[in-house]
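what follows is a predicted protein model with its sequence.
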Amino acid sequence: MIVRNKPNAFQLFFILRGSVVPLIFPQILFVTLLGAGVTAAQYYYPAIFPSFTLAPLALLGLALSLFLGFRNNASYDRWWEARKQWGQLIVDSRSLSRQVTSYIDRQSEGGIEVQKRMIYLTIAFNHALRHQLRGSDPWTDIGKYLEADDIEELSQSKNLPDALLRLMGRKLGTCRHKNLLSDFLMQSLDDRITSMAGVQAACERIQNTPLPFAYILLVQRTAYLYCFILPFGIVASQGLMTPLFCAIVAYTFFGLDALSEELEEPFGLSANDLALSAMSRSVEINLLEILGETDLPEVIKPHKHRLE
């Protein structure tokens, strides 16, 4: 995720970090060179390109704008839904930890240990979910928060976050058997775990259900077709300005398409994806503070305006 102050009007034209220009520069360059070639041909051989009406280009451009707008909205909805789900996970993690430390009696036998284990498992769940969504190895982040027996069991699981939630449920069951929790408090804590399971399911739904490929293919084919025929349609009326107009149109259409692709997969490591590492670390710090620990990990800060 790009984190920076609002640039001024002059800086807007030169910012590349977080922009889609590096991704679409080959397409812009090709369309601009095509426009320059068509302009040169029209200049030396004007009879080759008679004046055409711009109505067909206008209609195709309107249709393409609608297609791109719909895809961009659908991609942003996925991105924002993912952000809301992680916001809910932060709420559930903090609330569960607060309830555990408030309702489980520290003076009872095993009370302090149960509080610590539940909060450690909550931290591990946040890291495990992030790693599952990004397809990376979670054990470096979660190993220190698990017991040796738990690691052996969890390492066999095909769905590590779900296995951690089941383990948290068993820990709560043990608390109930030891009369560390009443039935009412047990239900309240279980509701938090259920909500965390709902967040995981929502994130998996977003990750495993992409936008229909046929629609993406239609939009991209139309964008390429429009930008390739654009120079031939406007060269007679625009003359030497044809390459500039082609570059601007290519930047707009290909840029929207590239931005939609980034937003469509909000859990990755692209510049405009969600800062899952920073959110996981924030939860980790908050929950360790609840336990009263002072040896806290460092807050993840933006590096060159980029927060991961």
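Great, that's in hand.

which stretches of the stretch 151-300 of the chain have low pLDDT?
Across the stretch 151-300 of the chain, nothing is flagged by pLDDT under 70.

which helix runs longest in the chain?
If you go by DSSP state H, the chain has its longest helix at helix 55-103.

remind me what that one packs against, helices and strands.
helix 111-134, helix 183-208, helix 213-238, helix 242-264, helix 276-290 (3 or more Cβ pairs under 8 Å, 6 or more residues apart in numbering; DSSP states H and E). For glycine as for every other residue, the C-beta is placed from the backbone atoms N, C-alpha and C.

will you turn those into JSON lines that also has mean neighbour count and distance to residue 72?
Formatted as JSON lines, the helices and strands packed on helix 55-103 follow (neighbours: other Cβ atoms under 10 Å; distance: least, Cβ to Cβ, whole Å):
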{"stretch": "helix 111-134", "mean neighbour count": "22", "distance to residue 72": "22"}
{"stretch": "helix 183-208", "mean neighbour count": "16", "distance to residue 72": "16"}
{"stretch": "helix 213-238", "mean neighbour count": "17", "distance to residue 72": "10"}
{"stretch": "helix 242-264", "mean neighbour count": "20", "distance to residue 72": "5"}
{"stretch": "helix 276-290", "mean neighbour count": "19", "distance to residue 72": "22"}
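
a markdown table for those, including distance to residue 85?
As requested, the helices and strands packed on helix 55-103 are exported to a markdown table (distance: least, Cβ to Cβ, whole Å):
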| stretch | distance to residue 85 |
| --- | --- |
| helix 111-134 | 10 |
| helix 183-208 | 5 |
| helix 213-238 | 23 |
| helix 242-264 | 15 |
| helix 276-290 | 11 |
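
between those, which one is nearest to residue 79?
Nearest of these to residue 79, taken as Cβ to Cβ: helix 242-264 at 4.3 Å.

extract the C-alpha trace of the closest one and format it as PDB.
Backbone C-alpha positions of helix 242-264 (Å, rounded to 0.1, in the frame of the first residue of the first chain) are rendered in PDB as follows:
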ATOM      1  CA  THR A 242      -1.900  12.300 -33.200                       C
ATOM      2  CA  PRO A 243       1.000  10.600 -31.200                       C
ATOM      3  CA  LEU A 244       0.200  12.700 -28.100                       C
ATOM      4  CA  PHE A 245      -3.500  11.900 -28.200                       C
ATOM      5  CA  CYS A 246      -2.800   8.200 -28.700                       C
ATOM      6  CA  ALA A 247      -0.400   8.200 -25.700                       C
ATOM      7  CA  ILE A 248      -3.000   9.900 -23.400                       C
ATOM      8  CA  VAL A 249      -5.800   7.500 -24.500                       C
ATOM      9  CA  ALA A 250      -3.500   4.500 -24.100                       C
ATOM     10  CA  TYR A 251      -2.400   5.700 -20.600                       C
ATOM     11  CA  THR A 252      -6.000   6.100 -19.500                       C
ATOM     12  CA  PHE A 253      -7.400   2.800 -20.800                       C
ATOM     13  CA  PHE A 254      -4.400   0.500 -20.100                       C
ATOM     14  CA  GLY A 255      -3.900   2.300 -16.800                       C
ATOM     15  CA  LEU A 256      -7.400   1.600 -15.600                       C
ATOM     16  CA  ASP A 257      -7.000  -2.000 -16.700                       C
ATOM     17  CA  ALA A 258      -3.700  -2.500 -14.900                       C
ATOM     18  CA  LEU A 259      -5.100  -0.800 -11.700                       C
ATOM     19  CA  SER A 260      -8.100  -3.100 -11.800                       C
ATOM     20  CA  GLU A 261      -5.800  -6.100 -12.000                       C
ATOM     21  CA  GLU A 262      -3.900  -4.900  -8.900                       C
ATOM     22  CA  LEU A 263      -7.000  -4.200  -6.900                       C
ATOM     23  CA  GLU A 264      -8.600  -7.500  -7.900                       C
END
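
many thanks, I have nothing further to ask.
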